[in-house]
Every structure is written in structure tokens, then in C-alpha cells.
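Peer 1: Here is my input, please return the structure:
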Amino acid sequence: MSAENGFVETETVGGRLRGIRFRGVESYLGVPYGDSTEGQGRFAAPRRAASWAGVREALAFGDAPPQVDTRLGSRAAAQDVHELMYVKGGHPLDGTRMSEDCLNLNVWTPSRDGRRPVMVWFHGGGFQHGSAGSALYNGDHLAALGDVVVVTVNARLGITGFLPLDLVDDDHFEGAGNAGMLDLVLALEWVRDNVSAVGGDPGNVTVFGQSGGGGKVNALLAMPAARGLFHRAINMSGPMLEFTEPEDAERMLAAALDRASIDRAHPERLRETPLRDLLAVQASLGPALGGGFGMTEPAGGPKREAHSALPLDASLPMWGPLCDGRVLPAHPFPADGPANTANVPMLVGWTTHDPALLMAGSAEFAGLTADRARRLARANFGDEGADAFDAATVQHASEPARLRYARVVCGRTFGAAAREMVTAKVRQSAPVYCYEFAHPTDVLDGLLGACHSLDLPFAFANVDRSVFAGEAPSRHETSRSMALAWAAFARHGDPNHGGIPEWTAYRKGDRRVMRIDASWEEYRLGEIEPAAA
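Peer 2: Numbering: from 1, shown residues only. This is a model prediction of the structure:
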């Protein structure tokens, strides 16, 4: 074996790790940061991983967190999308096992020498599914291109991560409603204590995530326990502005106990419930993600105001963090921004046709007509929605009606949430940068445009690994420029670098947004009609 490629070792607080160096990057995979969460660890705050003797192999991804198989609820073109995004069978697990021994992370570094910026990634999946071991998030290319240390994290999801049993018995289930978020805090503590051993700077840590992963970033902004553990934040299409209130969590808890046939007086029995049965409870509660997002006419007219993050008409809240007054004392974006992290620069954005990925679960989406799209826009967003569709028709006449409608829905969900975040953050001292990812994919005959999750392989410089990214030759340069911008932001709190036009921070009265595609272009909200206008 050449000197360039071979096995490598490093020392961590827990013990010695054996990884591998390949093509200029060292990787340490499946590294435990917390103990198993089964048994008494279920529905409890995480515990640090036990130390080990000798050298631990870190050559394969660790187990993913327990989750419901999203393939079973997918319909129409959403099934094709699953196969394109997750090539090992169409499931977000992407070939890895799942178990309750899932508190592990993966590290990629160009070298153990030096002190590089650290980029800690939280995967998406609406707090319900996903895995840090997905090929979309392999961190070797980003680490090499940006000269950064990349860390991807597995943490509890869904019912095992966010069932609020602490509302019933706080003595025995302390932190249960935010267990999945406390896992991430523990992972960040591992980074603080160990990343210098792989060439990272614990004083320069960026947290970044997409969709539900962006929601995790938002929650961390408001968590006192996370203060000081990260220094910059990137939210990619993560429209979670508010989290579950106790009264809604009570409804979710009551429904879960009822489905599990567990009396409220004996919640400890849930720790003995087989994992398969727990996941069946989660599946029965829903809602399924993307099951016709914006593609139905709500009875009685529009259900939510335009600034709402996700216009889902669900009888129960989605799984996710609990605004409990302690672990998560408040929602992350009050009018003057998140108080805990006023000095943390942010990078926030959305994709042009963000909701198209979720709309693909409707059989109607592929053949959506202009008349039907306008009717849906009015039904979901009132006269303003219909007017927005008319404006999109004028400005983007060459687009099919389905993508023009996706722009309208995006403007009132993902884009609206991004605007609300930057509007709050701009009142603080640290800068905030805003973007719109607009590089479309040609897969499925252009069905999806620049949709939700398409920016993932671009930000990780993994477009050649992703069928989902399409075949346009321009994807390589767009990806290189985007990955370098993300790395530059991690290094300096500013995404500018020599390969892109000047990217101006978002300011009051000068609301600059960078459109990321084959030809990067900055615009002001209101001058050029963006997806979020």
C-alpha cells in the first residue's frame, strides 16, 4: 500500500481509533459519542460513550437511529425520487443498519496536523428519518476541497427522540421530549473535546443542516446547553421557526400511549416495548411527509397565514423538539433574533422549487395544468396566492405550471421562513447571508426543477456521486463554487471567495440574496422576482 493511502490512528478522550487515509483524506467512521439508548437509556438524556481499551476500528458507518421506512408511504413520482436520492434501495438508511445503539458520528479530515474549521452536519428527514451515513453526505470531497474537518452525526429521531414522557414523569424521563436534541449537544461536546486530535479547531465550529437538519440548527440556536459549542450556523431549507408547545405535546403523548395500549400511570412500560412496536405507533400517528404538499384544496379555505413555515393540515404536531422552558426555553427566532447566539453569523436559504420534492407524492403533480395550479394557489393561499401564480406565469413563462406553482408554495413556506429568520437575525451584531439555490436537475425529464434536497450533493461537492444531481455539465462548477462558499463561511463567517461574485450580507433596507446556479447573481428582494417573493 502506498504512503498516500493506508491505515491511520488517532487518540480521542474515549480511546484510540483506527481509520483510513485515502486520496488525501483521513476518515474515522461510526465513532461512538454516546452509549446505547436501549433499555433504561430509552426516553432519557444521553450518556457519554464508555471508554475502550486498545484500538477501536472506525472503518464503517455506525447504526442509524430507529425510524419508520419512508418507502412504505411514498406514492407516484416520490417513489422514483427515493431511488434517485438513496441508491441502495430507496431508503434514507442508504444501506446501513438501524438500532438504538445509534449515537455515533463520522469524521473526515485532510490531516491531523493544524487547526482547521470544523463543519458539523445534521441530516434532514423532518426529525423522523435519515442517516449520517448516506452517500449524499460523504464528507471527504468537502474536507479536501475546503481544507476543513467534516463531521456527520446520528441522533435519535421520531418517537425515540421526542416522545415527551417528561410531561408525565420528569423524575424518570427527564429530557425525553428533547432527547434527540440533547444527543446533538453531546455530539458537539465530543467535537469540542476531540476534534483537535484530527486537525480541527474546537474554537471554530460551524453547525449546518438541511430541512429537518436545518430545524436542528434552529433549535440549537435557542438551547442554553449548546451555547459556546458552535460559532457559525447554516440553515438550508429548514423552515422550523417554532417547535412543539406543551399542550400539543400532551396530545401527541396521549395518542402514543393509547396506540401502544400503555396506561398513563405506567409509562415505564414503554422502555420494555419492542422497538418494532414503538415504530408501528409512530407510523400510525403520522403525518406522512410530503403526501401531497400543497396539492389539495383545504376545506373552508386557506388554513394558515402566508408566513407559516409548513402549510400542513395535520391533527397532531410533527415529531420534533419540545419548547419545554428548560432544555428549549423559547422558540429560536423572536423579533430580535436568538439571544443565546447573537454573535453567531448565519447563512440561510431555500431552493427555487423547494416544495416540488414533496409535491411529487401526488399523482396529479406531473401533469398539473395552469388552471388547476391557479385554483390550488387560491385555495391554499387566498387571492394573494392566485396573484402570485399569475406573476410567476409572466416572469417564468417557459416553466411548466407545476414548477410555477412550486414557486408560489415555496414563497409562502420555505422562502417565507427563510425571510423571517434573516429579518430577525439582521437585528443582531453578527452578519447573516441569504441565498436561493436555483440550479435545476434534469432527472425525471425535469419534473422537479431546483427542488428540496437537490442542494445537498452540491454543497458536499458530491454531484458525481449523485444521480439526483442530474447530468448538466454546469453542475460541477456550481458545486465547486458552492462547497467553497460553505467552507469559506465556516472559516471566516463570510461565504465570499475568488470563484464567485461579491456576496453581500443581508441588511435592513438592502435585502441581498445570492442566486446560486451556473451563473451566480445577487439580487435584492423586490427587484427580481425570487422564489420567496
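Peer 1: what's the residue nearest to residue 138 when sequence neighbours are not counted in contact with, if anything?
Peer 2: The shortest distance from residue 138 to any non-neighbouring residue, by C-beta to C-beta, 6 or more residues apart in numbering, is to residue 462 (6.1 Å). Just so you know, the C-beta spots here come from the backbone N, C-alpha and C atoms, and that holds for glycine as well. Taking C-beta atoms under 8 Å, 6 or more residues apart in numbering, we find residue 462 in contact with 135-138, 141-142, 456, 469, 479.
Peer 1: what lines up beside the longest strand along the chain in the sheet?
Peer 2: Selection of the longest strand in the chain by residue count, based on DSSP state E, yields strand 200-210. Take DSSP bridges as the rule and strand 200-210 pairs in its sheet with strand 116-122 (parallel), strand 232-236 (parallel).
Peer 1: Can I get these in CSV including mean pLDDT, mean neighbour count and distance to residue 386?
Peer 2: Output for the strands paired with strand 200-210, formatted as CSV (pLDDT from 0 to 100; neighbours: other C-beta atoms under 10 Å; distance: least, C-beta to C-beta, whole Å):
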stretch, mean pLDDT, mean neighbour count, distance to residue 386
strand 116-122, 98, 27, 37
strand 232-236, 98, 27, 29
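Peer 1: For residue 321, which of those strands is the nearest?
Peer 2: Closest approach to residue 321 among the strands paired with strand 200-210 (C-beta to C-beta): strand 116-122, 12.3 Å.
Peer 1: what about the residue lying closest to residue 354 once chain neighbours are set aside, neighbour count?
Peer 2: The spatially closest residue to residue 354, leaving aside those adjacent along the chain, is residue 414, at 4.1 Å (C-beta to C-beta, 6+ apart). Neighbourhood size, residue 414 [other C-beta atoms under 10 Å]: 29.
Peer 1: can I have the following helix or strand past the longest strand of the chain written out in PDB, keeping just the CAs?
Peer 2: Using DSSP states H and E, the next helix or strand after strand 200-210 towards the C-terminus is helix 212-221. The C-alpha trace of helix 212-221 is given here as PDB (Å, rounded to 0.1, in the frame of the first residue of the first chain):
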ATOM      1  CA  GLY A 212     -35.100  18.800   9.400                       C
ATOM      2  CA  GLY A 213     -31.300  19.300   9.900                       C
ATOM      3  CA  GLY A 214     -31.800  23.000   9.400                       C
ATOM      4  CA  GLY A 215     -34.500  22.700  12.100                       C
ATOM      5  CA  LYS A 216     -32.000  21.100  14.400                       C
ATOM      6  CA  VAL A 217     -29.700  24.100  13.800                       C
ATOM      7  CA  ASN A 218     -32.500  26.400  14.700                       C
ATOM      8  CA  ALA A 219     -33.300  24.600  17.900                       C
ATOM      9  CA  LEU A 220     -29.600  24.600  18.900                       C
ATOM     10  CA  LEU A 221     -29.600  28.400  18.500                       C
END
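Peer 1: List of residues touching helix 212-221?
Peer 2: Against helix 212-221 from outside (C-beta under 8 Å, 6+ apart): 121-128, 130, 181, 184-185, 188, 207-209, 226, 230, 233-241, 243, 320-321, 328, 332-333, 338, 340-341, 344, 421.
Peer 1: now the strands: where do they sit in the chain?
Peer 2: Going by DSSP E, the chain shows strands at 6-11, 16-22, 25-32, 55-57, 104-109, 116-122, 149-153, 200-210, 232-236, 346-351, 432-437, 512-516, 521-524.
Peer 1: For the ones you listed, could you give me CSV that also reports distance to residue 266?
Peer 2: As requested, the strands of the chain are exported to CSV (distance: least, C-beta to C-beta, whole Å):
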stretch, distance to residue 266
strand 6-11, 45
strand 16-22, 42
strand 25-32, 31
strand 55-57, 39
strand 104-109, 32
strand 116-122, 34
strand 149-153, 33
strand 200-210, 36
strand 232-236, 40
strand 346-351, 44
strand 432-437, 48
strand 512-516, 53
strand 521-524, 58
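Peer 1: re the thing from before, tabulate the strands paired with strand 200-210 (CSV), appending distance to residue 216.
Peer 2: Output for the strands paired with strand 200-210, formatted as CSV (distance: least, C-beta to C-beta, whole Å):
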stretch, distance to residue 216
strand 116-122, 4
strand 232-236, 9
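Peer 1: nearest to residue 52, of those strands?
Peer 2: Of all those, strand 116-122 comes closest under C-beta to C-beta, at 22.8 Å.
Peer 1: Check what contacts that closest one and list those residues.
Peer 2: Residues contacting strand 116-122 (C-beta under 8 Å, 6+ apart): 109-110, 132, 137, 139, 142, 146-153, 155, 184, 187-188, 191, 195, 199-202, 204-209, 212-213, 216-217, 230, 486-487, 490-491.
Peer 1: and if you look at stretch 71-90?
Peer 2: Residues contacting stretch 71-90 (C-beta under 8 Å, 6+ apart): 70, 91-95, 134-136, 283, 288-291, 357, 360-363, 365-366, 443-444, 447-448, 453, 466-468.
Peer 1: Which positions within that stretch qualify as buried?
Peer 2: 73-74, 76-78, 80-87, 90 (16 or more other C-beta atoms under 10 Å).
Peer 1: Pick out the residue nearest the middle of the chain.
Peer 2: residue 213 (2.1 Å; C-alpha atoms, centre = their mean).
Peer 1: and of the contacts of residue 462, the nearest to residue 66?
Peer 2: Distances from residue 66 to those, taken by C-beta to C-beta, are shortest for residue 137, at 19.1 Å.
Peer 1: Grab the nearest non-local neighbour of the closest one.
Peer 2: residue 152 (5.2 Å).
Peer 1: was I right about that neighbour contacting residue 104?
Peer 2: No. Contact between residue 152 and residue 104 fails when scored by C-beta atoms under 8 Å: they sit 9.8 Å apart.
Peer 1: returning to that earlier point: can you get me a residue count around the residue nearest to residue 137?
Peer 2: Neighbourhood size, residue 152 [other C-beta under 10 Å]: 26.
Peer 1: Next: residue 50.
Peer 2: Neighbours of residue 50 (other C-beta under 10 Å): 11.
Peer 1: Please apply the same query to residue 297.
Peer 2: Residues near residue 297, counting by other C-beta under 10 Å, number 12.
Peer 1: Need the pLDDT of the nearest residue in space to it that is not next to it in sequence.
Peer 2: Among residues not flanking residue 297 along the chain, residue 379 sits closest, at 3.9 Å (C-beta to C-beta, 6+ apart). The score at residue 379 is 95. That number is its pLDDT.
Peer 1: Now do the contacts for residue 379.
Peer 2: Counting by C-beta under 8 Å, 6+ apart, residue 379 has contacts 297-298, 301-302, 385.
Peer 1: Low-confidence ranges, the chain, go.
Peer 2: Scanning the chain for pLDDT under 70 picks out 1-3, 287-291, 303-315, 527-533.
Peer 1: Give the buried residues for the longest helix seen in it.
Peer 2: Across the chain, the helix with the greatest residue count (assigned by DSSP state H) is helix 370-395. Within helix 370-395, the residues scored as buried using 16+ other C-beta under 10 Å are 373-374, 376-381, 385-386, 388-389, 391-393.
Peer 1: Then stretch 93-113?
Peer 2: 93-94, 96, 98, 100-112.
Peer 1: And for stretch 333-353?
Peer 2: Buried, per 16+ other C-beta under 10 Å, within stretch 333-353: 333, 337-338, 340-341, 344-353.
Peer 1: which ones are touching residue 350?
Peer 2: 237, 239, 410, 414-415, 417-418, 436-437, 531-532 are the contacts of residue 350 under C-beta under 8 Å, 6+ apart.
Peer 1: Sorry, slip of the keys, the one I care about is residue 372.
Peer 2: 364, 401.
Peer 1: returning to that earlier point: okay, buried residues for the longest strand of the chain please.
Peer 2: So for strand 200-210, counting by 16+ other C-beta under 10 Å, buried means 200-202, 204-210.
Peer 1: Same question for stretch 4-11.
Peer 2: In stretch 4-11, counting by 16+ other C-beta under 10 Å, buried: 8, 10.
Peer 1: And stretch 476-490, by the same measure?
Peer 2: Buried residues in stretch 476-490 (16+ other C-beta under 10 Å): 478-490.
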